[in-house]
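Enquirer: I'd like to go over a predicted model; first the sequence, then the structure.
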Amino acid sequence: MIRKLLQKVFKRKKTADTVSDSLLQLCAIPVKRHGIHRNQINSCALKITQELQKAGFSAFVVGGAVRDLLLGLEPKDFDVATNATPEQVRSAFRRSRIIGRRFRLVHVMCGLETVEVSTFRGPSPDNAHPLEVNGITDQHGRLLHDNVFGSQEEDAIRRDFTMNALYYDPATEEIHDYLNGYEDIRCRTLRIIGEPVSRYREDPVRMLRAVRLAAKLGLQMDAKTAQPIGDLASLLQNVPAARLFDEMLKLLLSGHSLACVVDLRARGLHHGLLPMLDIILEQPLGERFITLALKDTDERVLQNRPVSPAFLFASLLWHEVLANWNRYKEDGEKPSVALYKAMDNVLAKQQKNLAIPRRFSATIQEIWIMQPRFESRAGRGPFRLISHPRFRAAYDFMLLRAESGETGVEIASWWKDFLSANQEQRDKMIQTLSSPAKKRRKRNRRKSAIDKIDVAEKTAS
């Protein structure tokens, strides 16, 4: 019976057989074994499951929240899965709205909190050949529409990884496990559900998710899960740029971005995300700079300190800007013009792969533009610079450049002293720095005047 259900869901015997090898029967894991109590569930998610169950529907806390609780982590989000349709969920909660096109969901609001409620997914209509365009998948096998509802068992099979196919019932405090996900968590194994190639073709972002979850949770990818990733990396080019940016941002803000980037590169996935990354990491200064930037980002995330996505992408792309800037200057462009051309060139290339929102790209450019201004420390320049709204981000960026060896440490040291000084001390610092420059200018003017006199005398004679 289970094999027939799987064949119905996946429409291909090979895929069904692969899943059925590990799918034996529904396992209801009691609380005394898994240890998760309902008081650990977010109050909004708990209220939603209770209301839906009172209305006669099934409702479970599902996915990442259950996984994280089993791993001893604090979940960031609590999602709910139910057999109620989006319209039925919407009518049950006054403060809710239906969202999504590829798969409709309901966002239910409780105060300032929002919980995502999904209806159990059923088998997606599919033709015999996985690459045939039928309005549901594209020519690469990627699902375009997925609004087909089904049973809890079918929903479990449609999820991405076994550890994300666990359903927690707050009423009984049991976990429903159809795919041995509980044991995979105990063994710290990341295993995709079904035949890996077809599942990655359905949604290529699953490859990025696999890299992120493995690094973030300290898991080992199952061999079958990992094997096809490198060969299918090109599928990421077919993912909408905005969705790719969102997934990349999750990866970089996971608290394990350095490990993720190393793994992305090792598996060949970075070519569809940050195509400049391979070039950058082959440059000694570029590799050190990015390593320091990612380490700093990971530390801030793990310490619950704020992280700026704009700063992060400015760091990842900076050495490509630097290479373009130097090339334009060698071609005879003025430094300021060369910098603007370099920024436009790099961001234009990147926009083809990652749709970096304008609110981020504008800040990225401001951080880059201010870098040459740190070298000019005469007159009122330093005072104008510290009044810039993006000064702190640009300053931190300059310190990162100094730490990586790209720019002089004396400049970073001077700015540190300048920021910690009072107004009188700042004036003296600038005056001290300006005095030698003024003497040089006077000396040059005097020499120029003498040269003009000599030329005039020779002309007269």
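Expert: Yep, that arrived. Numbers count the residues shown, from 1 in each chain.

Enquirer: Please make it C-alpha for all contacts and neighbour counts, starting now.
Expert: Fine.

Enquirer: Tell me where the stretch 1-150 of the chain is predicted with low confidence.
Expert: By pLDDT under 70, the weakly predicted segments of the stretch 1-150 of the chain are 1-25, 102, 124-147.

Enquirer: Would you map the strands across it?
Expert: 27-29, 59-62, 79-82, 96-99, 105-110, 113-119 (DSSP state E, counting those that start in this stretch).

Enquirer: closest to Ala241 out of these?
Expert: Ala241 lies closest, by CA to CA, to one member of the strands of the stretch 1-150 of the chain: strand 96-99, at 19.5 Å.

Enquirer: Quickly run through the sheet partners of that closest one, with directions.
Expert: Applying DSSP bridges, strand 96-99 is found paired with strand 105-110 (antiparallel).

Enquirer: follow-up on the earlier one: ranking the strands of the stretch 1-150 of the chain by burial, who's on top?
Expert: Across the strands of the stretch 1-150 of the chain, averaging neighbours per residue (mean count of other CA atoms under 10 Å) puts strand 59-62 on top, at a mean of 27.

Enquirer: CA atoms of that one as PDB?
Expert: Extracted in PDB, the C-alpha atoms of strand 59-62 (Å, rounded to 0.1, in the frame of the first residue of the first chain):
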ATOM      1  CA  ALA A  59      -3.000  20.600  12.800                       C
ATOM      2  CA  PHE A  60       0.700  20.100  13.700                       C
ATOM      3  CA  VAL A  61       3.800  22.100  14.300                       C
ATOM      4  CA  VAL A  62       6.000  21.000  11.500                       C
END
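
Enquirer: where's the residue lying closest to Asn326 once chain neighbours are set aside, which helix or strand?
Expert: The shortest distance from Asn326 to any non-neighbouring residue, by CA to CA, 6 or more residues apart in numbering, is to Ala338 (7.8 Å). Taking DSSP states H and E as the criterion, Ala338 maps to helix 335-351.

Enquirer: got the contact list for that helix?
Expert: Outside of helix 335-351, the residues within contact range by CA atoms under 8 Å, 6 or more residues apart in numbering are 241, 274-275, 317, 320-322, 324-326, 328-329, 361, 365, 369.

Enquirer: Let me know the closest of those residues to Pro306.
Expert: Ranked by distance to Pro306 (CA to CA), those are led by Ser361 at 18.4 Å.

Enquirer: ok, the closest one to Lys352 distance?
Expert: Per CA to CA, to the nearest Å, Ser361 is found 14 Å from Lys352.

Enquirer: OK, contacts around Glu299?
Expert: For Glu299, the contact set (CA under 8 Å, 6+ apart) comprises Gly255.

Enquirer: re earlier: and the residue nearest to Asn326, how many neighbours?
Expert: Burial of Ala338, expressed as a neighbour count using other CA atoms under 10 Å, amounts to 20.

Enquirer: and if you look at the one 5 residues further on?
Expert: If you count neighbours by other CA under 10 Å, Met343 ends up with 21.

Enquirer: again with Gln283
Expert: Neighbour count for Gln283, taken as other CA under 10 Å: 12.

Enquirer: Same question for Ala310.
Expert: Ala310 has 21 neighbours, counted by other CA under 10 Å.

Enquirer: got it, and Ser387?
Expert: By the criterion of other CA under 10 Å, Ser387 has 10 neighbours.

Enquirer: if I look at it, how far off is Tyr395?
Expert: The spacing between Ser387 and Tyr395, counted by CA to CA, is 12 Å.

Enquirer: and if you look at Thr363?
Expert: Using CA to CA, Thr363 is found at 13 Å from Tyr395.

Enquirer: now Pro86
Expert: Distance, Pro86 to Tyr395, by CA to CA: 48 Å.

Enquirer: now Met248
Expert: According to CA to CA, Met248 and Tyr395 sit 25 Å apart.

Enquirer: What of Phe289?
Expert: Phe289 is 15 Å from Tyr395, by CA to CA.

Enquirer: Which residue ranges of the stretch 351-461 of the chain form helices?
Expert: 358-369, 381-386, 391-403, 409-420, 423-460 (DSSP state H, counting those that start in this stretch).

Enquirer: Show me how far the second one is from its chain's centre.
Expert: Just to be clear, that refers to helix 381-386. On the basis of CA atoms, centre = their mean, to the nearest Å, helix 381-386 sits 33 Å off its chain's mean C-alpha point.

Enquirer: Give the buried residues for that helix.
Expert: Buried positions in helix 381-386, judged by neighbour count with 16 or more other CA atoms under 10 Å: Pro382, Leu385.

Enquirer: hmm, who's touching that helix?
Expert: The contact list for helix 381-386 (CA under 8 Å, 6+ apart) reads Arg373, Phe374, Ser376, Phe391, Arg392.

Enquirer: the more surrounded of Ser361 and Lys352?
Expert: Each of Ser361 and Lys352 has its neighbours counted (other CA under 10 Å); Ser361 has more, 19 against 14.

Enquirer: Tell me which residues touch the closest residue to His107 other than its chain neighbours, please.
Expert: Spatial nearest neighbour of His107, excluding adjacent residues (CA to CA, 6+ apart): Glu116 at 4.8 Å. Shown in contact with Glu116 (CA under 8 Å, 6+ apart): Phe78, Asp79, Val80, Leu105, Val106, His107, Val108.

Enquirer: Distance to Glu153 added to the strands of the stretch 1-150 of the chain, as JSON lines?
Expert: Output for the strands of the stretch 1-150 of the chain, formatted as JSON lines (distance: least, CA to CA, whole Å):
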{"stretch": "strand 27-29", "distance to Glu153": "11"}
{"stretch": "strand 59-62", "distance to Glu153": "13"}
{"stretch": "strand 79-82", "distance to Glu153": "12"}
{"stretch": "strand 96-99", "distance to Glu153": "24"}
{"stretch": "strand 105-110", "distance to Glu153": "19"}
{"stretch": "strand 113-119", "distance to Glu153": "12"}
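
Enquirer: Glu333: which of these is closest?
Expert: It is, among these and with distance given as CA to CA, strand 96-99, at 49.4 Å.

Enquirer: ok now the closest one, how far from the chain's centre?
Expert: Distance of strand 96-99 from its chain centroid, counting by CA atoms, centre = their mean, is 25 Å.

Enquirer: before we move on, what about stretch 179-197?
Expert: 23 Å.

Enquirer: Pull up the distance across it, start to finish.
Expert: Stretch 179-197 has an end-to-end distance of 19 Å (criterion: CA to CA).

Enquirer: ok, and for it, which residues are buried?
Expert: Counting neighbours by 16+ other CA under 10 Å, stretch 179-197 gives 179-182, 184-185, 188-197 as buried.

Enquirer: Also stretch 61-77?
Expert: Neighbour-count burial for stretch 61-77, counted by 16+ other CA under 10 Å, picks out Val61, Val62, Gly63, Gly64, Ala65, Val66, Arg67, Asp68, Leu69, Leu70, Pro75, Asp77.

Enquirer: ok, residues contacting that stretch?
Expert: 34-36, 45, 49, 78-81, 115, 163-170, 185.
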